[in-house]
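Enquirer: Need a 3D model of the following:
(one chain, ligands or ions: 1)
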Amino acid sequence: MEFSSRWRQKHARLAGDRREQYPHSLQFYLEPPTESISLVEFESFAIDRLKLLKVVENLGVSYARGTDLYKTKLETELRKLKFPYRALAEDDYEARRKDHISHFILRLAYCQSEDLRRWFLQQEMDLFRYRFNELTEYLMQKFLEHVNLSFEAIGEDLKNELANELSTSTPGFNMSKVKEQMFYKVGLADAVDLFRARRVFIKDGFAYVPFKEIDVLVLNNYRTKLSKALALTARSLPSIQSDERLQPLLSHLSHSYVGPDYSVQKNTGKISLEQIDALSVKSFPLCMRQLHRALRDSHHLRHGGRMQYGLFLKGIGLTLEQALEFWKKEFIRGKVDADKFDKGYAYSIRHNYGKEGKRTDYTPYSCMKIIMSNPPSQGDYHGCPFRHSDPELLKQKLQSYRIPPSGITQILELVKGMHYQLACQKYFELTHDVDDIGFSLNHPNQYFTESQKLLSGGRELKKEFNNSGNFQQKHNSQESINSRSTPTSSNATADTELEGLEAYFTED
Ligand code: SF4
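Expert: Take a look at the predicted model:
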């Protein structure tokens, strides 16, 4: 009898599985995974969790947390990506395992800078909050015991004795509600937030916390643990960076764009050079609009700008011949003469089109790549204006583009919360006069394509929020150059295994 490799893989894993490791659908992720895992699984788990966290981020700014719509959309995503979505679902070992391992992989990828740590922590906290609040009271109790957070429930006698104080000091609690709910006696240090917000009764150095507020304590505890764990993981960075299998993979993940690479355009050659000025106003994202303006004004762009803008133009359909003509016409209006252009700059344009050097057909940069790498210096125009511009300058720029004041306020709020791509989505909505962008923005060329579809009436306006995006397991071309020497899913076999993942999470 023949078994497929998928069957063998599944059953081999089940034979050595660790069901007892996951008694609950929810966890504090205190113990790193110790099993061996194939590189293929490693990458697919990581990408799925990244998709999930991006959805969590999007939902967090689009809907009030805890509303029915928020919960339904998050559950749908969890279900689709095969993460545990119902506390009561039986035998979801595979989902729990995926949840556990993927959390630790992203922890490795996202411990690498302060910005990444903050982003990861925020999304994991939101995810945890949703999941904890979905538990039944019984399962919450079981979970609290499991993570050694068993707060002491006060007895009926003490509750009756304090009933008046509990009712007057706990917002939303009348006497009958006090009788119904369980109260916990908690040390003040654990209930600082509730105490500050005057939401609990305090006596003799203890806070009396109703069951419905217990999530605040649990979340505080989880936040402390996860921040500490991220800081400790960051300390093991040197050993991660020396691991040639992991380092490129983790670096891809933290810069990760998981959508189409826009390297092949069906509209190649369909855009004329004369259209670019108008398109830059109507359909370019702010980063490219800024680069185009700078090029027209100063007849020059430095290397970072030429790469970012040149590859974007290639992605929207400029042929090599058009690109050479476009750049040359502009540069010779400045300080570069035709001869110098042909000898110097033309080479790098042909290089971007894969006609020189290693003949790599370079792909346009994704938002994550633009946001996370090569920040612009003085005199540069590349980068993401939502990430790299001074907020006051950004505000002026948006005003000059006639974005209404309320829209500017919304954009600046998103920027302040470091939601740069969401700020860009808002810019899209305001400049295209739509209520809801209807896609999850990850790439400047995606912005262009969606804008063109919309302006030409080719896309039906979706009022419903669509979180699914168009994720695919692809990396940016520059990244895939590195990955040639790296065992990622494209070149790894299922039986290549990663062992000893836990070594990266030890305290030293
Ligand atoms: Fe460009 Fe992306 Fe920034 Fe928008 S979010 S400005 S598309 S880099």
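Enquirer: so how far is the ligand from Val56?
Expert: Distance, Val56 to the ligand, using CB to the nearest ligand atom, to the nearest Å: 18 Å. To be clear about C-beta, it is placed using only N, CA and C from the backbone, and glycine gets the same treatment.
Enquirer: Quick check: which element contains Pro171?
Expert: Here Pro171, judged by DSSP states H and E, is contained in no helix and no strand.
Enquirer: just use 23 as the starting number from now, easier for me
Expert: All set: I'll call the first residue 23, so the last point we hit is now Pro193.
Enquirer: Could you pull up the residues touching the nearest residue to it once chain neighbours are set aside?
Expert: In space, and not counting its chain neighbours, Pro193 is closest to Arg221: 5.8 Å by CB to CB, 6 or more residues apart in numbering. By CB atoms under 8 Å, 6 or more residues apart in numbering, Arg221 lies in contact with 192-193, 235.
Enquirer: same deal with His454?
Expert: Counted by CB under 8 Å, 6+ apart, His454 has contacts 473, 476-477.
Enquirer: Now name the helix or strand holding the residue nearest the centre of the chain.
Expert: Nearest to the mean C-alpha position of the chain, by CA atoms, centre = their mean, lies Lys76 at 3.9 Å. For Lys76, the element it lies in under DSSP H and E is helix 61-84.
Enquirer: Going by neighbour count, list what's buried in that helix.
Expert: Buried residues in helix 61-84, counted by 16 or more other CB atoms under 10 Å: 61-65, 67-82, 84.
Enquirer: in the stretch 73-222 of the chain, which spans are helices?
Expert: Here the stretch 73-222 of the chain has its helices, by DSSP state H, counting those that start in this stretch, at 90-102, 115-131, 136-156, 159-168, 178-191, 197-202, 214-218.
Enquirer: could you dump those helices to JSON lines with mean pLDDT, distance to Ser422 and mean neighbour count?
Expert: As requested, those are exported to JSON lines (pLDDT from 0 to 100; distance: least, CB to CB, whole Å; neighbours: other CB atoms under 10 Å):
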{"stretch": "helix 90-102", "mean pLDDT": "89", "distance to Ser422": "35", "mean neighbour count": "16"}
{"stretch": "helix 115-131", "mean pLDDT": "91", "distance to Ser422": "38", "mean neighbour count": "22"}
{"stretch": "helix 136-156", "mean pLDDT": "89", "distance to Ser422": "28", "mean neighbour count": "18"}
{"stretch": "helix 159-168", "mean pLDDT": "84", "distance to Ser422": "52", "mean neighbour count": "15"}
{"stretch": "helix 178-191", "mean pLDDT": "86", "distance to Ser422": "52", "mean neighbour count": "14"}
{"stretch": "helix 197-202", "mean pLDDT": "84", "distance to Ser422": "55", "mean neighbour count": "13"}
{"stretch": "helix 214-218", "mean pLDDT": "81", "distance to Ser422": "42", "mean neighbour count": "15"}
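Enquirer: In a markdown table, list those along with distance to the ligand.
Expert: Output for the helices of the stretch 73-222 of the chain, formatted as a markdown table (distance: least, CB to the nearest ligand atom, whole Å):
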| stretch | distance to the ligand |
| --- | --- |
| helix 90-102 | 22 |
| helix 115-131 | 20 |
| helix 136-156 | 14 |
| helix 159-168 | 38 |
| helix 178-191 | 46 |
| helix 197-202 | 47 |
| helix 214-218 | 33 |
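Enquirer: In TSV: these, plus distance to Arg311.
Expert: As requested, the helices of the stretch 73-222 of the chain are arranged in TSV below (distance: least, CB to CB, whole Å):
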stretch	distance to Arg311
helix 90-102	31
helix 115-131	31
helix 136-156	25
helix 159-168	49
helix 178-191	55
helix 197-202	55
helix 214-218	42
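Enquirer: Please identify which of these is closest to Ser302.
Expert: helix 136-156 (29.1 Å; CB to CB).
Enquirer: So which elements touch the closest one?
Expert: helix 61-84, helix 90-102, helix 115-131, helix 236-257 (3 or more CB pairs under 8 Å, 6 or more residues apart in numbering; DSSP states H and E).
Enquirer: Remind me what the helix or strand harbouring Tyr369 packs against, helices and strands.
Expert: For Tyr369, the element it lies in under DSSP H and E is helix 368-374. Helices and strands touching helix 368-374, by 3+ CB pairs under 8 Å, 6+ apart, are helix 325-338, helix 342-353.
Enquirer: How far away from the center of its chain is that helix?
Expert: 33 Å (CA atoms, centre = their mean, to the nearest Å).
Enquirer: which residues are in contact with that helix?
Expert: Helix 368-374 has contacts (CB under 8 Å, 6+ apart) with 328-329, 332-333, 336, 342, 345-346, 349-350, 378-379, 384.
Enquirer: repeat that with 6 Å
Expert: 332-333, 345-346, 378-379, 384 (CB atoms under 6 Å, 6 or more residues apart in numbering).
Enquirer: what ranges do the helices span in the stretch 273-422 of the chain?
Expert: Counting by DSSP H, counting those that start in this stretch, the helices of the stretch 273-422 of the chain are 298-304, 308-320, 325-338, 342-353, 360-362, 368-374, 389-394, 407-410, 413-422.
Enquirer: Output the contacting helices and strands for the last one.
Expert: In terms of contacts (3 or more CB pairs under 6 Å, 6 or more residues apart in numbering; DSSP states H and E), helix 413-422 is packed against helix 427-438.
Enquirer: by contact count, what packs against the helix it packs on?
Expert: Contacts defined by 3+ CB pairs under 6 Å, 6+ apart place helix 427-438 against helix 413-422, helix 442-454.
Enquirer: orientation of that helix relative to helix 413-422 in degrees?
Expert: Interaxial angle of helix 427-438 relative to helix 413-422 (axes from the mean of the first three to the mean of the last three CA atoms, to 10 degrees): 150 degrees.
Enquirer: Output the below-cut-off pLDDT ranges for this structure.
Expert: By pLDDT under 70, the low-scoring segments of the chain are 23-41, 109-113, 277-283, 285-288, 379-383, 480-530.
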